[in-house]
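S.K.: model this:
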Amino acid sequence: MSDHKEIDEATGTDTTGHEWDGIKELNTPLPRWWLWTFYGTVIWGLAYMVAYPAWPMLTEATAGVLGYSSRGEVAKEIDRFRAMNASLDDGLVNAELTEIAAHPELGPYAINGGAAVFRTYCAQCHGSGAAGAKGYPNLLDDDWLWGGDVEAIHATIAHGIRNEQDPDARFSEMPAYDDQLSDEEIAAVVQHVLSLSGAEHDAAAATAGAEVFADNCAACHGDGGEGNIDLGAPNLSDAIWLYGGSPETIEETVRYSRAGVMPPWTGRLTEAQIRQVAVYVHGLGGGE
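M.R.: Take a look at the predicted model:
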C-alpha cells in the first residue's frame with residue numbers, strides 16, 4: 001500500500017495516494033450539477049423545517065411559521081362539503097322520519113350518507129355488514145329490543161343504551177338470579193326457556209321451570225316469552241339470541257344478567273347524520 005499522491009497516467013487524474021495491489025484510488029471530484037442539487041436540497045430542507053411542522057417536542061411538533069396543519073386541511077374540506085350539503089341536511093332535519101326514505105332527493109342522500117356514518121362509527125361493534133356479534137345486535141333481522149321502526153331506531157341511536165351520559169338513554173335491567181334462585185330452579189328455568197323457542201330440552205325440567213319463569217320472568221318477558229319492546233325485554237321464543245342460546249349461556253344470563261352499553265350519539269353526530277344512519281339501518285332489511 002502506498003500513500004504517495006501522483007497523477008494517474010491512464011486518465012490524467014490526481015490520485016489520493018492510496019494504492020492496493022496495483023489499484024490506484026482516483027481523486028475524482030463530484031459533478032457540479034450533483035453538488036448544486038445537493039446544496040439545493042439542504043437549503044430546501046432547512047426552509048421546510050422553518051415553514052412547516054417538523055421537530056417533535058414533548059406534546060406536539062413545532063408549528064412552523066406558515067401554521068400549516070394536515071388536520072386543518074381536512075377540516076376545511078369537511079366544512080366545504082358540509083356547506084355544499086347544507087340544504088339537504090336542513091331537509092333531513094325538518095322532514096318526517098317516516099317520509100325520508102321515499103323522498104326522491106333526501107332518500108338516496110340519507111342512505112348513502114348513513115352508510116358512511118355506519119362504517120365510521122357503528123361497524124366496530126355491529127360489523128361492517130351489520131350482522132352483529134356476540135353481545136352486539138344483528139341489525140339485519142327483525143328482532144328489536146326497543147322496536148325497529150325508523151323512529152325507534154332514531155331514538156336508540158340518539159340516546160344510546162344503558163349509558164350514564166344521556167338521561168334519555170334506553171334502560172332495562174335484568175336481575176341477577178344467582179342469589180335469588182337455587183341451582184335446581186335455575187337449571188329448570190333454563191330448560192323452560194329452551195322449550196319456548198323449540199330447542200332441545202328436558203321436558204320434565206321445563207315443566208318445573210315454567211312455574212319459576214311465571215314467578216320471576218314473565219312480568220317482563222311475557223307468559224310465552226314473547227318479550228316486551230316497551231321494557232327492552234328480549235323475545236325468548238324466536239330462537240334469536242344476543243349472547244348465545246346454549247344451555248350454558250342461558251344459565252350464565254340467568255345467574256349474572258347482561259347489561260350491554262351503547263353510547264349516545266347526540267353531540268357526537270349532527271341530527272342530520274343521526275337521521276341518515278337511522279334511515280340506513282332501517283333499510284337494511286330488519287326494520288319494522
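
S.K.: count of neighbours near the residue lying closest to H192 once chain neighbours are set aside?
M.R.: What sits nearest to H192 in space, not counting adjacent residues and going by C-beta to C-beta, 6 or more residues apart in numbering, is G209, at 3.2 Å. To be clear about C-beta, it is placed using only N, CA and C from the backbone, and glycine gets the same treatment. Other residues within reach of G209, judged by other C-beta atoms under 10 Å, total 25.

S.K.: Please apply the same query to A219.
M.R.: 12.

S.K.: Make sure it is indeed in a helix.
M.R.: Yes - assessed by DSSP: H, G, I helix; E, B strand; the rest coil, A219 belongs to a helix.

S.K.: Now do the same contact list for the closest residue to T270 other than its chain neighbours.
M.R.: Counting by C-beta to C-beta, 6+ apart, D89 is the residue found nearest to T270 once chain neighbours are left out, at 7.1 Å. Residues in contact with D89 (C-beta atoms under 8 Å, 6 or more residues apart in numbering) are 82, 270, 272.

S.K.: Which among the residues you listed count as buried?
M.R.: Buried by 16 or more other C-beta atoms under 10 Å: 270, 272, out of the contacts of D89.

S.K.: Serialize the contacts of D89 to a markdown table and add fields for secondary structure, pLDDT and distance to L97.
M.R.: Listed next are those as a markdown table, based on DSSP: H, G, I helix; E, B strand; the rest coil; pLDDT from 0 to 100; distance: C-beta to C-beta, whole Å:
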| residue | secondary structure | pLDDT | distance to L97 |
| --- | --- | --- | --- |
| R82 | helix | 90 | 21 |
| T270 | coil | 96 | 15 |
| A272 | helix | 97 | 12 |
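
S.K.: With respect to A54, which of the contacts of D89 is nearest?
M.R.: R82 (31.0 Å; C-beta to C-beta).

S.K.: pLDDT at the nearest residue in space to that closest one that is not next to it in sequence, what is it?
M.R.: Spatial nearest neighbour of R82, chain neighbours left out: D89 (7.4 Å); criterion: C-beta to C-beta, 6+ apart. You'll see D89 listed with a pLDDT of 96.

S.K.: Helix, strand, or coil at D89?
M.R.: helix.

S.K.: still on that earlier bit, right, and the residue nearest to H192 touches A188 too?
M.R.: Yes - if you go by C-beta atoms under 8 Å, G209 and A188 touch, sitting 3.4 Å apart.
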